[in-house]
Every structure is written in structure tokens, then in C-alpha cells.
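*Asks:* give me coordinates for this.
(2 chains)
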Amino acid sequence: MADSFNFELVSPERLLVSEAAVEVVLPGTDGEMTVMAHHAPVMTTIKPGIVEVRTDSGTINRYVVFGGFADILPEVCTLLAESAVHVDDIDRTDLAQRIQNTTEDLADAKDEMEKTRIAEYLSHLTTLQASV
Amino acid sequence: MPSLKDLRNRIASVKATQKITKAMQMVAAAKLRRAQDAAEAARPYSQRMGKVLANIAGAVTGGADTPKLMAGTGNDQVHLLVVCTAERGLCGGFNSQIARLAREHTRSLIADGKDVKILCVGKKGYDILRREFASRIIDRVDLREVKRVGFVNADEIARKVIGLFDEGEFDVCTLFYSEFKSVISQIPTAMKIIPASAPDFEAEADGELDASVYDYEPDAASILGDLLPRNIAVQIFRALLENSASEQGARMGAMDSATRNAGEMIDKLTLTYNRQRQAQITKELIEIISGAEAL
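*Replies:* Prediction:
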């Protein structure tokens, strides 16, 4: 059995998950990354996507997060998400609403930098929509 | 002297009022519990946010690329005051206490020759501050439709504040809210959120892992740039939650004493009522007796 570490998923409203996990897959801004126990300390921002948590007993929990960042230490991994829900509880209309809002933002964007940023966010959202 | 009927009516109406205040007190108590739970639930996030910020701030501060949200614009001429109050009254001194603190702050800033802009969150604070500083209030956020403050509400306010900051509308931002100490004590508080004060972070970082061992992805500066706006939203969210707990606490206290006052009033009125009734009976008796004696 692989070593486990403590994984915490926190949203501003409450502490969603705090459990022993063996493996966590995070949608990092620079690409997906898998965190296991004894990981080197890393801090990374998170893009909208799915977090996959494999617990000690082998069950896999999947959560949808909309941006945030993760603080990874050898024994703990804390994911601070702007908003997070379990995959089963995802509200499709909410997701569609977010996509629409972002599309509107993109149309309103003034400079190139902002445009690229929003376009990127939008593409994350649509990928997410396709995958749930 | 009011007649017996008047007194009876008076007593009935005070009793009705007492029932209402009693009910409001109980509702406030129930809401207070919920508000406290919400504040409790939000604590882990802000704590961890503080820790993470402390770590990163330690790694980045001092460089020329320190984000403006943290380093400030370099001067403190224009102040933005975000005044968070309740949407409803009947909660004792809650709203006026926050407004008074904000007003004193505004006056002293004006006396120092600074520019002051005010952003009102909640209707009551706006109503109070409007009397004196109507021209300085640049915007107000209405939370009346909101049943429970969520992070989205705080995020919206934070976006407004950051938008204004990016446009160079102000240099320093202070948040006014009421801190919930206990049911009987709520302390109006002013907290500076822009520029974020680095010493706070350092204090929190005590005993934490050395920042230098961290790997940053993409890099520390851009994470910090991402984190600071979020931190402002979190601070505002915390203030809103504290505020709603304080509001319910204050309302509970106010309604409790209102109920008690109504009780005292009822006692007093009942006493007068009984005395007067007695007097009337005596008077009637005297009339009957003197009538009988005259025969």
C-alpha cells in the first residue's frame, strides 16, 4: 500500500474535504499534475477542471473546481478553490451560465493580454463542460 | 386620567408589541446560530489563505515587481472606505456604531487634507452617511435580496474595489465592519485591505516551513498577483460574515431589552388599571352607602 497524505479541499464557504488520500490529480495552470505522498513543496495555481482524489481504500472521488491554488507539502496538500462541487452535484445550468458570462467578458475585453487570459479561461470551461 | 377602557386598550397593545419583539428575538437567535456556523465554516479558508500568502510574500517582497495591491501606489492621498452595514434596522446600536466609526475616520482624513471616497455596502449605512457625505459616496452595494451572504457577493464587491484601484481611483482602502466578539459585544472595526500589510503575514508565518524550499508554478510573482485580489475578496467575505453574525447578535440583545421594557410597562399599566378599578368600586360603594344613609 502506498503512503497516504492528508488532502484538504477548501472553498471560501466551508471545508469540503479533509481525508487521507494516496493520489491526487490536480489541474494545474501549467498542466495536470499528480500529487502523491512525500511530494516536494510546490505552490501552484489551478485552472478550472476536475480534481481526482484516490483514497486509501481505493475509491476515487472527483470534484469540479473553478480556479484556485494548491499548496503542496510532503504530508499535506491543501487546495483552496474559489468554488468546488462534487462531480455528481454539478449544476449544468450554472456551468453554462459561467461560460456565457465569460464569452461576454471576452467580447468586452479591452487589451490583448486580457483577451488571451479570458480566452484561455473560456477554453478551460468548455473542456470542463465536455468532460462532465 | 385615562379611563379604564383606555388602560385596557393600552395594555392589550403593549402585550401585542411584546409578542412581536419576543418573536423577533427568537428569530434573531436562530439566525445568529446560522450566521455563526457560516463564519465558523469560512475560517479554514481564510486561515490557509493567510498562511499561503505569508509564505509567498516572504519570497517576493522587496523586489521591484511587488504587486501594487501589496506595495501600495506609493502615496496615500485618496482613501476609499468600504462601509459594511446591515440592510435592516431594529438591531440596537449596530448600524450607527459602524457609521459613527466611519464618520469619525472620514472627518479626521478630511481634516488631514485627504480625499475620501465611500462605498456603502448595505442600506442602513448609506442612509446614515448620506446625510453628511452624500457627495463622497461613489457607489453602494445592495444586499437586500440576498438571504445568506455567499462568496459571490463578496467577490462582486472585491471586483468593484479592485477595478477602482486599477483605474487609480484611490490609494488606500479601509474596510469597516463589526467584529463579532460575543452575543452581547460587537466591536466596530476598521481594517486596511489595500495595500495589504506585509507584517501581518509575517506574524502568521511564524513556525511555518521556510519559504525558500517551495517550488512555484508558474512563478511566485504571478501566483502572488493571482492571490492578492482573491485575498481581498476573502477579507470582504469574512467581514460580511462577521457583520451578519454581529447584526443578529445586536438584534437579539435589542429585542431582549425591548421585551423586558414591554413587560415592565405592562406591569405598571396593570397596577394603574387595578388601582383605578378599585377607586371606582370604592366610589360606587360610597355613593350607595351615602344614599342609604340619607334615607
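
*Asks:* spell out which parts of the stretch 101-250 of chain B neighbour chain A.
*Replies:* Neighbours of chain A within the stretch 101-250 of chain B, by C-beta under 8 Å from any C-beta of the partner chain: B:150-151, B:154-155, B:209, B:213-218, B:220, B:222-223, B:226-227, B:230, B:233-234, B:237. C-betas here are computed from N, CA, C, even on glycine.

*Asks:* weed out the non-buried ones from the residues you listed.
*Replies:* Neighbour-count burial (16 or more other C-beta atoms under 10 Å in any protein chain shown) is assigned, among these, to B:150-151, B:154-155, B:214, B:216-217, B:220, B:223, B:226-227, B:230, B:233-234, B:237.

*Asks:* what helices and strands are in contact with the lowest-mean-pLDDT helix or strand in chain A?
*Replies:* Among the secondary structure pieces of chain A, namely its helices and strands, helix A:112-131 has the lowest mean (mean pLDDT, DSSP states H and E), a mean of 77. Judged by 3 or more C-beta pairs under 8 Å, 6 or more residues apart in numbering or on different chains; DSSP states H and E, the packing partners of helix A:112-131 are strand A:49-55, helix A:92-108.

*Asks:* out of the residues of the stretch 101-250 of chain B next to chain A, which sit inside strands?
*Replies:* B:215, B:216, B:217 (DSSP state E).

*Asks:* which pLDDT does the model give the second one?
*Replies:* Confidence at residue B:216, expressed as pLDDT, is 82.

*Asks:* repeat that for the one 4 residues further on.
*Replies:* Looking at residue B:220, its pLDDT reads 76.

*Asks:* can you list the residues of chain A near chain B?
*Replies:* A:8, A:10-15, A:28-30, A:40-45, A:69, A:71, A:73, A:78, A:80, A:82-83.

*Asks:* report the buried members of those residues.
*Replies:* In terms of neighbour count (16+ other C-beta under 10 Å), the buried residues within those are A:8, A:10-13, A:15, A:28-29, A:41-45, A:69, A:71, A:73, A:78, A:80, A:82-83.

*Asks:* and stretch B:3-15, what's its mean pLDDT?
*Replies:* Mean pLDDT, stretch B:3-15: 94.

*Asks:* pull the residues that contact that stretch.
*Replies:* By C-beta atoms under 8 Å, 6 or more residues apart in numbering or on different chains, the surrounding residues in contact with stretch B:3-15 are B:2, B:262, B:265, B:266, B:269, B:270, B:272, B:273, B:276, B:277, B:280.

*Asks:* how about that stretch as PDB, C-alpha atoms only?
*Replies:* C-alpha atoms of stretch B:3-15 as PDB (Å, rounded to 0.1, in the frame of the first residue of the first chain):
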ATOM      1  CA  SER B   3     -60.400  55.800  31.600                       C
ATOM      2  CA  LEU B   4     -60.500  52.100  32.400                       C
ATOM      3  CA  LYS B   5     -61.200  51.200  28.800                       C
ATOM      4  CA  ASP B   6     -58.200  53.300  27.600                       C
ATOM      5  CA  LEU B   7     -56.000  51.500  30.000                       C
ATOM      6  CA  ARG B   8     -57.300  48.100  28.900                       C
ATOM      7  CA  ASN B   9     -56.600  49.000  25.300                       C
ATOM      8  CA  ARG B  10     -53.100  50.300  26.200                       C
ATOM      9  CA  ILE B  11     -52.300  47.000  28.000                       C
ATOM     10  CA  ALA B  12     -53.500  45.000  25.000                       C
ATOM     11  CA  SER B  13     -51.400  46.900  22.600                       C
ATOM     12  CA  VAL B  14     -48.200  46.700  24.700                       C
ATOM     13  CA  LYS B  15     -48.800  43.000  25.000                       C
END
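
*Asks:* buried sites along that stretch?
*Replies:* For stretch B:3-15, a neighbour-count test (16+ other C-beta under 10 Å) marks B:7, B:10, B:11, B:14 as buried.

*Asks:* of these, which belong to helices?
*Replies:* If you go by DSSP state H, the buried residues of stretch B:3-15 have B:7, B:10, B:11, B:14 in helices.

*Asks:* nearest to residue B:289, of those residues?
*Replies:* For these, the residue nearest residue B:289 by C-beta to C-beta is residue B:7; the value is 26.4 Å.

*Asks:* chain A versus the closest one, what's the distance?
*Replies:* From residue B:7 across to chain A, the span is 53 Å (C-beta to the nearest C-beta, to the nearest Å).

*Asks:* can you tell me the closest non-neighbouring residue to the residue in the stretch 1-150 of chain B positioned nearest to chain A?
*Replies:* Per C-beta to the nearest C-beta, residue B:41 is where the stretch 1-150 of chain B lies closest to chain A, at 3.8 Å. The spatially closest residue to residue B:41, leaving aside those adjacent along the chain, is residue A:14, at 3.8 Å (C-beta to C-beta, 6 or more residues apart in numbering or on different chains).

*Asks:* got a list of what that neighbour touches?
*Replies:* Applying C-beta under 8 Å, 6+ apart, the residues contacting residue A:14 are B:41, B:42, B:44, B:45.

*Asks:* how distant is the longest helix seen in chain B from the center of its chain?
*Replies:* Of all segments of type helix in chain B, defined using DSSP H, the longest is helix B:220-294. Helix B:220-294 has its average C-alpha position 19 Å from the chain's average C-alpha position, going by C-alpha atoms, centre = their mean, to the nearest Å.

*Asks:* just to revisit the earlier point, the residue of the stretch 1-150 of chain B closest to chain A reaches residue A:11, doesn't it?
*Replies:* No. With the criterion set as C-beta atoms under 8 Å, residue B:41 and residue A:11 do not qualify as a contacting pair; they are 9.4 Å apart.
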